[in-house]
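1. sequence plus predicted model, see below.
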Amino acid sequence: MGNGHHPAADLVRRHLLLGGSIAAGAVIASSALAQQNTDTAPQELNGHPVPEPPPERSAGPIRPGRGSSLTGKVAVVTGAARGIGRAIAVEFAANGADVVALDIAGPVSPASNAAPADPAELAETVRQVRAYGRRGDAVQADIRDIEALRKVADQVERDHGQIDIVVANAAIQRWKPLMEMEDADWRDVIDNNLNGTANTIRAFAPKMIPHKKGRIIVLSSMQGKHGTKNAASYSASKWGILGLMKSAAMELGEYDITVNALIPGLVDTPLTRYEARYRNSMAETGQTPPEHPTPQQAWDTRAPTVPLKVGWLQPDDISPAAVFLASDAAAMVTGAEYEVTGGDSAKDI
Ligand SMILES: NC(=O)c1ccc[n+]([C@@H]2O[C@H](COP(=O)([O-])OP(=O)(O)OC[C@H]3O[C@@H](n4cnc5c(N)ncnc54)[C@H](O)[C@@H]3O)[C@@H](O)[C@H]2O)c1
């Protein structure tokens, strides 16, 4: 995960800071650059040098594609059998990464509103990864089982020699009024989403620490930034994930490992494509939903309330942000929340 720094590149930065102009094409040709920049002096103030960060503590210098290239990197994505996890896995591969797609690919808990994913879906993710010419591996594992995750981490390290990127994406959702929740409706959602995300970090970050580099991306939600009527356990789990993310960022920064959260708005996936979810999203706009809303009714009710006028987003609207956060260009982004909501987040935080 090198930043590609070299002396000529440092000169580019100085030149930019000094307000010089460099033709974009010249950025690739280091010898030409060195020639152009022999007159650039180190930064200073009143004769005192201005410190600059070491290469591993900087995203610079500017070079084409640095925010999208994942060439040579190895990524593990949990919950990758479908939905947002699949989009992230495939988008990583499309941008050069080898991907280990991890999913339980089976029932998680009776407290999950969504139908379980299956091994065929996980295999399809891997097929799509490989279609980009990258290595793709399917791993069936449960993020609640930290010992299983540690074994996966050992195996990936043996197979690939490194783990550069981990996306803790797997989660379930429960729609039920708090007063009606059974213990499982509360505990299973917290255990799966919050403890499972912590397990993922605890199992995979130790593989990054010795290399002093890494990218960890967790999935929170707009429901992790405000309360959610009738989904308290999910909302609480997603708030908890933000606290976990920020704490891990503070601990892992010294190893040049970044930890960030993606915050999707409403996205059309099996997690959200059912009548109860449609009713809740319609009720959030202040309207009384019908007993059996159609997808079109749900879209038409929500879309006018979203700045970019969509009823919901698509998984591949979310995955480009994951690529950026995983890229070299995001070297100095950590402890942050990255919202992709069609503008939903503009109105209510
Ligand atoms: N869809 C949305 O509107 C939305 C919005 C905000 C945040 N999110 C978040 O995005 C992430 C992905 O959601 P999605 O909509 O793609 O959901 P999804 O249900 O389509 O996919 C989730 C995947 O996670 C897997 N999974 C769940 N628990 C697991 C476990 N214990 N071990 C291994 N795998 C497990 C499931 O099998 C499934 O394949 C989740 O963290 C979710 O909370 C989704």
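-> That came through, no problem.
2. helix or strand next in line after the lengthiest helix in the chain, which one?
-> For the chain, the longest helix by residue count, based on DSSP state H, is helix 232-252. Per DSSP states H and E, the first helix or strand lying C-terminal to helix 232-252 is strand 257-264.
3. CA atoms of the longest helix of the chain as PDB?
-> Extracted C-alpha coordinates of helix 232-252, given in PDB (Å, rounded to 0.1, in the frame of the first residue of the first chain):
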ATOM      1  CA  ALA A 232     -34.400   0.600  18.400                       C
ATOM      2  CA  SER A 233     -32.000  -2.400  18.400                       C
ATOM      3  CA  TYR A 234     -30.800  -1.700  14.900                       C
ATOM      4  CA  SER A 235     -30.400   2.000  15.500                       C
ATOM      5  CA  ALA A 236     -28.500   1.300  18.800                       C
ATOM      6  CA  SER A 237     -26.200  -1.100  17.000                       C
ATOM      7  CA  LYS A 238     -25.400   1.400  14.300                       C
ATOM      8  CA  TRP A 239     -24.800   4.200  16.800                       C
ATOM      9  CA  GLY A 240     -22.500   1.800  18.700                       C
ATOM     10  CA  ILE A 241     -20.600   1.000  15.500                       C
ATOM     11  CA  LEU A 242     -19.800   4.700  15.200                       C
ATOM     12  CA  GLY A 243     -18.300   4.800  18.700                       C
ATOM     13  CA  LEU A 244     -16.400   1.600  18.000                       C
ATOM     14  CA  MET A 245     -15.100   3.000  14.700                       C
ATOM     15  CA  LYS A 246     -13.900   6.300  16.300                       C
ATOM     16  CA  SER A 247     -12.300   4.400  19.200                       C
ATOM     17  CA  ALA A 248     -10.500   2.000  16.900                       C
ATOM     18  CA  ALA A 249      -9.300   4.900  14.700                       C
ATOM     19  CA  MET A 250      -7.700   6.400  17.800                       C
ATOM     20  CA  GLU A 251      -6.000   3.200  18.700                       C
ATOM     21  CA  LEU A 252      -4.800   2.100  15.300                       C
END
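4. buried stuff in that helix?
-> Within helix 232-252, the residues that count as buried by 16 or more other CB atoms under 10 Å are 232-242, 244-246, 248-249, 252. (Glycine included, C-beta is placed from N, CA and C.)
5. quick one, strands of the stretch 1-150 of the chain?
-> Under the criterion DSSP state E, counting those that start in this stretch, the stretch 1-150 of the chain contains strands at 44-45, 48-49, 74-78, 98-103, 136-140.
6. er, the stretch 151-300 of the chain actually
-> 165-168, 214-219, 257-264.
7. what is the neighbour count of the residue nearest to residue 239 when sequence neighbours are not counted?
-> The shortest distance from residue 239 to any non-neighbouring residue, by CB to CB, 6 or more residues apart in numbering, is to residue 224 (4.7 Å). Neighbour count for residue 224, taken as other CB atoms under 10 Å: 24.
8. can you put the strands of the stretch 151-300 of the chain in a markdown table and add distance to residue 323, mean neighbour count and mean pLDDT?
-> Below are these laid out as a markdown table (distance: least, CB to CB, whole Å; neighbours: other CB atoms under 10 Å; pLDDT from 0 to 100):
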| stretch | distance to residue 323 | mean neighbour count | mean pLDDT |
| --- | --- | --- | --- |
| strand 165-168 | 10 | 29 | 99 |
| strand 214-219 | 10 | 26 | 98 |
| strand 257-264 | 11 | 25 | 98 |
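9. for those strands, give me a markdown table that also has distance to residue 338.
-> Below are those laid out as a markdown table (distance: least, CB to CB, whole Å):
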| stretch | distance to residue 338 |
| --- | --- |
| strand 165-168 | 12 |
| strand 214-219 | 9 |
| strand 257-264 | 5 |
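10. span of stretch 139-149 from start to end?
-> 10 Å (CA to CA, to the nearest Å).
11. before we move on, what about stretch 161-171?
-> 28 Å.
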